[in-house]
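Novice: what follows is a predicted protein model with its sequence.
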Amino acid sequence: MLTRDRTAALVLFALAAGAYWAGLAYPSGTLAQPGPGFVPRLLAALLVVAAIALFMGGEAARLPDIGFADLSIMLVIVLLLGAATLALERAGYRATVFLFLLVFIAAVERRPLWLAILLSGGFAAGSFYVINTLLRVPLPLSRWGW
């Protein structure tokens, strides 16, 4: 019997197959030096696993019901992500991540302002140091160089 879950699983499987096929156009590289086709193939394989779990219909494959009370929080998060995407190149990585996390921790998670400032500032500075300095992946800087 073809239920909604099984139909969705088949659609996910078809999307995964298409993504994997599209990833074949790029070299996969190795685990130590992944190529541009590595992540699309990995994500497609994970999507196949999720589709199989959904098709089998186990309770582990079921997502919890999301009530309408959570809808406003989801919209705030989507708007924050959109604003962060637009601001990243203009304001730089550190300022964007700091402001995104500050609003998220203080407004959405409703934590004290001092804790939100401490966590968002520490994460923005620490992640910039790890990604930009240690891993040598250039991140956007603001017009003022920070």
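Specialist: Nice, I can see it. This one's a predicted model, so the numbers in the text were calculated from it and none came from an experiment. Numbering: from 1, shown residues only.
Novice: need the helices for this protein, in chain order.
Specialist: Assigned by DSSP state H, the helices in the chain fall at 4-23, 38-56, 71-91, 93-103, 113-128.
Novice: deepest-packed of those helices, please.
Specialist: helix 93-103 (a mean of 20; mean count of other C-beta atoms under 10 Å). Every C-beta, even on glycine, is put in place using the N, C-alpha and C of the backbone.
Novice: what's the angle between that helix and helix 113-128?
Specialist: Orientation check (axes from the mean of the first three to the mean of the last three C-alpha atoms, to 10 degrees): helix 93-103 against helix 113-128 gives 150 degrees.
Novice: not counting its own residues, what contacts helix 93-103?
Specialist: 80-81, 83-84, 87-88, 91, 116-117, 119-121, 123-125, 127-128, 132, 139-142, 146 (C-beta atoms under 8 Å, 6 or more residues apart in numbering).
Novice: before we move on, back to that, ok, which of the helices of the chain comes nearest residue 30?
Specialist: helix 38-56 (8.5 Å; C-beta to C-beta).
Novice: domain ranges for this protein?
Specialist: Structurally, the chain divides into domains by automatic domain parsing as follows: 4-61, 68-134.
Novice: avg pLDDT for the first one?
Specialist: By that I understand domain 4-61. In this model, domain 4-61 has a mean pLDDT of 86.
Novice: kindly report the same for stretch 84-100.
Specialist: Averaging pLDDT along stretch 84-100 yields 92.
Novice: skipping adjacent residues, who's closest to the residue most central in space within the chain in space?
Specialist: Central residue of the chain (C-alpha atoms, centre = their mean): residue 81, 10.0 Å from the mean position. Setting aside the residues directly before and after it, residue 81 is nearest to residue 100 in space (C-beta to C-beta, 6 or more residues apart in numbering), at 7.9 Å.
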